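K.L.:
I need the structure of the sequence given here:
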Amino acid sequence: MRVDYPIVDAHQHFWDVDQPDYAWLEREPDAIRRTFGFDDLRPHLQASGVGRTVLVQAADTASDTDAMLRLADAHPQIAGVVAYVPLEQPAVAEPQLAELMHTGRVCGIRNLIHDQPDPDWLRRPDVADGLALLEARDVPFDLVAVLPRHLEYAQYLSERFPDLRIVIDHLAKPPVGTDRREPWQVLMRAAAENPNVYAKVSGLYPVPGAGSAATAEQLRPWLDTALSLFGPDRLMFGSDWPVAVAYGDYEQVVGTLVELVTGYGADVARAILADTATGFYRLTPERQAGR
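P.N.:
As a prediction, this is how the structure comes out:
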C-alpha cells in the first residue's frame with residue numbers, strides 16, 4: 001500500500017564489513033554479514049515511497065560516525081544522522097558533540113548499551129554526566145532496549161533527566177509471535193508516562209529462529225498496545241534495514257508495517273509514517289541541506 005506523502009524511515013543503517021567496527025555482525029544471520037551502502041538502499045526507498053531516512057549508528061566508534069556523515073553529505077535522502085559520542089567520557093564527548101551538532105546533519109545520539117559488559121552502564125556517574133550534556137543541548141537519545149532490563153532504564157532516565165528527549169528503539173523488542181505480554185507491557189506503560197519518551201515501530205521480528213517476517217496479524221496486538229500508551233504523535237516508523245534483509249527485505253517488512261499502520265486511519269498513519277519522526281528529530285529543510 002502506498003500513501004500520498006513521502007514516508008520518513010526513522011531507523012536504517014549502513015556498514016562495511018572490511019572495517020573492524022562491526023564485530024557484532026559475527027553473531028548475525030549470513031544474509032546481513034556483508035557490506036551495505038546507499039546504492040543497496042536506493043531502489044528500496046523508491047519502491048516503497050520513502051522520501052527521507054534517519055541513518056543510525058551501528059558501532060560505538062568515531063569512524064562509524066564519520067562514515068555516516070560522508071554518506072549524508074552525498075545523499076540528500078538522508079535527512080538526519082543518529083551518531084555516537086563516548087558518553088562515559090564527558091570531557092571527550094562535549095567537544096565531539098558540539099562539532100557534530102555544528103555539521104547540521106546530526107539529529108540524535110545513540111550508544112550500544114546492550115554490548116556493554118556492565119549491565120548498569122547507563123547508571124554510572126560518568127555516563128550520567130554525558131547524558132546531562134545531551135539534555136542541556138536538547139539532543140535526543142536513542143535508547144537500545146533489547147532486554148527488559150534495558151527498558152527499565154527509561155523510567156530512571158525520565159527521573160534523572162526530565163528534559164531529555166528519548167526514543168525507545170524497536171518498541172523495546174516485544175516477543176512477536178508469542179502471547180507473552182509481560183514484563184514488556186508494564187515496562188512500556190511506565191516509560192510512556194513521560195511525555196518526552198517516544199518509541200519506534202521498527203525491528204519487529206518474530207522470535208529468533210522464525211526465519212521470516214512478521215505478519216500484520218502478529219504485529220497488530222503490539223501496535224494496539226503501543227498506540228494506547230504513546231498515541232500516534234509519539235510513535236515513528238523505521239525499517240531497521242539492512243537487518244530487515246534477514247526477515248524478507250525492505251519491501252516486505254516495510255509493506256507490512258505500512259499496511260498495518262494505514263489501517264488505523266489517515267491521521268494516525270501520517271503521524272507514525274512521517275510527522276512524528278520529523279518533529280522529534282527536527283528534520284528541517286536546513287538540516288537536510290546540511291546548513
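K.L.:
which residues does Gly130 contact?
P.N.:
Neighbour list for Gly130: Val85, Pro86, Leu87, Glu88, Gln89, Pro90, Ala93 [criterion: C-beta atoms under 8 Å, 6 or more residues apart in numbering]. No exception for glycine: its C-beta is placed from N, CA and C like everyone else's.
K.L.:
give me the pLDDT for the residue nearest to Trp24 when sequence neighbours are not counted.
P.N.:
Nearest residue to Trp24, sequence neighbours excluded (C-beta to C-beta, 6 or more residues apart in numbering): Asp115, at 6.5 Å. According to the per-residue confidence, Asp115 scores 91 in pLDDT.
K.L.:
low-confidence ranges in the stretch 51-200 of the chain?
P.N.:
Applying pLDDT under 70 to the stretch 51-200 of the chain flags no residue at all.
K.L.:
let's have the contacts of Gly130 in TSV, adding distance to Ile109 and secondary structure.
P.N.:
Output for the contacts of Gly130, formatted as TSV (distance: C-beta to C-beta, whole Å; DSSP: H, G, I helix; E, B strand; the rest coil):
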residue	distance to Ile109	secondary structure
Val85	6	coil
Pro86	10	coil
Leu87	8	coil
Glu88	13	coil
Gln89	13	coil
Pro90	12	helix
Ala93	9	helix
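K.L.:
and which of these is nearest Lys173?
P.N.:
Each of the contacts of Gly130 was checked against Lys173 using C-beta to C-beta; the closest is Leu87, at 21.8 Å.
K.L.:
what about the spatially closest residue to that closest one that is not a sequence neighbour, distance to Trp121?
P.N.:
Residue nearest to Leu87 in three dimensions, not counting chain neighbours: Gly130, with 3.0 Å by C-beta to C-beta, 6+ apart. Gly130 is 11 Å from Trp121, where distance means C-beta to C-beta, to the nearest Å.
K.L.:
list residues touching both of the two?
P.N.:
Counting by C-beta under 8 Å, 6+ apart, the residues touching both Gly130 and Trp121 are Glu88.
K.L.:
which residues are in contact with the residue nearest to Val17 when sequence neighbours are not counted?
P.N.:
When the adjacent residues along the chain are set aside, Val17 lies closest to Thr35, with 5.1 Å between them (C-beta to C-beta, 6+ apart). Under the criterion of C-beta under 8 Å, 6+ apart, the neighbours of Thr35 are Trp15, Asp16, Val17, Asp18.
K.L.:
re the thing from before, confirm that the residue nearest to Leu87 sits in a helix.
P.N.:
Yes: secondary structure of Gly130 (DSSP: H, G, I helix; E, B strand; the rest coil): part of a helix.
K.L.:
where's it relative to Ala136, distance?
P.N.:
Distance of Gly130 to Ala136, computed by C-beta to C-beta: 11 Å.
K.L.:
next one: Asp30
P.N.:
Between Asp30 and Ala136 the distance is 43 Å, computed by C-beta to C-beta.
K.L.:
more neighbours: which of these two?
P.N.:
The residue with more neighbours, out of Asp30 and Ala136 and counting by other C-beta atoms under 10 Å, is Ala136; that gives 13 against 7.
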